[in-house]
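> return a 3D structure for these sequence lines:
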Amino acid sequence: MKRLVSASAVVLIGLTSCRLPAPASSVTAILASPTTPPTPSTPILPTSTPDTRPRIDSPAWLKDAVLYEIFPRSFYDADGNGIGDLAGIAQKLDYIQSLGANTVWLTPHYPSNTYHGYAVTDYLTVNPDFGTLDDFKKLAAELHRRDMRLIVDFVANHASNEHPYFKDALGNPASQYADWFQFTNAGHTEYKSFYGVQELPEWNHDNPAVNDYLINAGLFWLEAGADGLRCDYAIGVDRDFWAQLRASVKAKHPDAVLLGEVWDAAPARLLRYFNAGFDALFDFPWYLSLSSTAEAVGKGVLNGTALASELQGPYRLMQLYYPIGAQVVRFASNHDTNRIASAALGDPRKMKQAAALALLTPGIPMIYYGEEIGMAGIKGTGPIYDEYVREPMDWAAGETGSGMPTWFRPNSQFNTPNDGISVEEQDPLADSLLNFYRQLGQLRAAHPALRSDTFTIMEAVKGCTTCIGMWRWSKSADGADNELIALVFNFGGDAVTVDLSDQAIAPASLASAQPLLEPTSAPTLAIPPHGILALHWPA
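Model (predicted):
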């Protein structure tokens, strides 16, 4: 679920967040120029000074996580009834792993009177469309056998108007659940709901019994095999509740992750929710700079309608503003936004840029199912709305056959048979978008610097006003993992040749660099339109 953000707030991200003051003992050494010139073959790897920001002890496994978001109804249909299910997800774990993803996030798997599942009627069981509680436990067990993780959606702001507690309390002030919801008249026939949607009555978090009920529900799924909770519309719930949830979860499941959806362009708002107890938050300031808004097409830094420098601020916030150990999840699209293929106007170069930004730059990357094959989707204006960005996964060229969900097949759908956008069509093509995603996943797994939290943003990229660049590096006591990586993204429509010689971090000679994305080619500083430069210097 989402929160609307004003356009003016988005514009300010690139202008204000870059100038946030650093704490007294910030990582200034990371941003400072080294004083010793490089040797011809060895790059300089900066060292950081002590950092006195508050610390969040997020689970260690999260640092190496690559999330794959699944809308279960649309993913893979194991029983042939046209609806994706948990057993279908279990059958496709090899595919998910081929992308480099090691953590599955399920949108709501609970019983619901809505197709999207965010109107929960029972927090303690599985939607029968998707399977059973045993199917859930089997999926979790198979993920764990593969050393993968499972995050489930946790909806604490609102329930369904078909939830039995709400049905008992509606029009019944004497109900034992009368103070579990936010009724606004004496007869309990009017109530607060999520954005005024009557099917989504809001819980009353001033009632401790409500908080206990929801926290116990979260614990139930962790005990059933989940490794974390993705907390829906966290901004709508009092922060005291999230602090209570963290205390309860960490007491029993210290390695579980609490991931919050705080849909806001303001870094200060995200900081407040980190302080409330979240291990990780989705990086909406970054996403809104990249694409402009959830409904935008052809906008944002990715499409050249905003300055490339607007993306610098969200990265610097990680180093100077958010708590140490706080993680941000980097995503190019999700179930509430236009799909990245449509936001990028169908341009495969821009789709690849968005993928590389998510998977190679600092932060925890997330892939929304289907974006890896370029599935399109633009939010509708009625009577069909977000279904267009949640269409069935295109496994087969003809969109028929084993495993293909068929629950949503309007004539107006974005993805059509034999359009080149399917796993079947792209799997054998070395240069396909699908195999580019796989390449990025392999690079992230192979290079410690691409999973490290040590990096610095290039103040400017000489020779390119439409570029953003960064250095990433890793260091280990024995030197085995020492490496330096340069990443430069050209968001312009012209080819450029950049100059890295005057950067604060001095690389080794270009001759000793190894291209990461085209390993068989010679190293070069030329970047094509909407292209990516990725160079690696092993220490």
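> identify the bridge partners of the residue lying closest to Ala486 once chain neighbours are set aside.
What sits nearest to Ala486 in space, not counting adjacent residues and going by Cβ to Cβ, 6 or more residues apart in numbering, is Leu535, at 4.6 Å. C-beta coordinates here come from the backbone N, C-alpha and C atoms, glycine included. For Leu535, the beta-bridge partners are Ala486, Pro515 (DSSP bridges).
> let's have the chain start at 823 instead
Let's use 823 as the start, then, which means that last one is Leu1357.
> dump the residue contacts of Leu1357.
1307-1308, 1329, 1332, 1335-1338, 1345 (Cβ atoms under 8 Å, 6 or more residues apart in numbering).
> do Gln919 as well
Applying Cβ under 8 Å, 6+ apart, the residues near Gln919 are 968, 970.
> buried ones in stretch 983-1001, by neighbour count?
983-985, 987-988, 991-992, 997, 999-1001 (16 or more other Cβ atoms under 10 Å).
> and what of stretch 1132-1148?
Buried residues in stretch 1132-1148 (16+ other Cβ under 10 Å): 1132-1148.
> equivalent analysis for stretch 1003-1013, please.
Residues of stretch 1003-1013 classed as buried: 1003-1005, 1010, 1013 (neighbour count, 16+ other Cβ under 10 Å).
> farthest-separated two in those residues?
Gln1004 and His1010 (10.4 Å; Cβ to Cβ).
> so can I have a markdown table of the buried residues of stretch 1003-1013 showing distance to Leu1080?
Listed next are the buried residues of stretch 1003-1013 as a markdown table, based on distance: Cβ to Cβ, whole Å:
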| residue | distance to Leu1080 |
| --- | --- |
| Phe1003 | 24 |
| Gln1004 | 24 |
| Phe1005 | 30 |
| His1010 | 33 |
| Tyr1013 | 28 |
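> after the helix or strand harbouring Leu1262 comes which helix or strand?
Take DSSP states H and E as the rule and Leu1262 turns out to sit in helix 1255-1268. Under the assignment DSSP H and E, the closest C-terminal helix or strand after helix 1255-1268 is strand 1277-1279.
> what helices or strands is that next one leaning on?
helix 850-853, helix 1134-1142, strand 1289-1296 (3 or more Cβ pairs under 8 Å, 6 or more residues apart in numbering; DSSP states H and E).
> OK, contacts around the spatially closest residue to Phe1005 that is not a sequence neighbour?
Nearest non-adjacent residue to Phe1005, counting by Cβ to Cβ, 6+ apart: Tyr1013, 4.8 Å away. By Cβ under 8 Å, 6+ apart, Tyr1013 lies in contact with 992, 1003-1006, 1023-1024.
> just these now: which is nearest Asp907?
Pro1023 (28.1 Å).
> and that closest one, what is it in contact with?
Pro1023 neighbours (Cβ under 8 Å, 6+ apart): 980-983, 985, 988, 1003-1004, 1013-1015.
> how close does Ala1116 sit to Thr1159?
The gap separating Ala1116 from Thr1159 is 4 Å, by Cβ to Cβ, to the nearest Å.
> shared neighbours, the two?
Common neighbours of Ala1116 and Thr1159 (Cβ under 8 Å, 6+ apart) are Lys1201.
> neighbour count for these two, which is higher?
Each of Ala1116 and Thr1159 has its neighbours counted (other Cβ atoms under 10 Å); Thr1159 has more, 24 against 21.
> what sits against Ile1290?
So Ile1290 contacts 1123, 1130-1131, 1133-1134, 1279-1280, 1283, 1310-1311, 1313 (Cβ under 8 Å, 6+ apart).
> top of those residues by neighbour count?
Phe1311 (27 neighbours).
> isn't that residue right up against Cys1286?
No. Using Cβ atoms under 8 Å, Phe1311 makes no contact with Cys1286, being 9.5 Å away.
> which residues touch stretch 1266-1276?
So stretch 1266-1276 is contacted by 852, 868, 870, 885-886, 888, 922, 1140, 1181-1182, 1184, 1187, 1265, 1294-1298, 1303, 1305-1307, 1338, 1358 (Cβ under 8 Å, 6+ apart).
> just the buried members of those residues?
852, 868, 888, 922, 1140, 1181-1182, 1184, 1187, 1265, 1294-1297, 1303, 1305-1307, 1338, 1358.
> which residues in the stretch 1023-1172 of the chain form helices?
1030-1045, 1061-1074, 1089-1097, 1106-1113, 1134-1142, 1162-1165, 1170-1182 (DSSP state H, counting those that start in this stretch).
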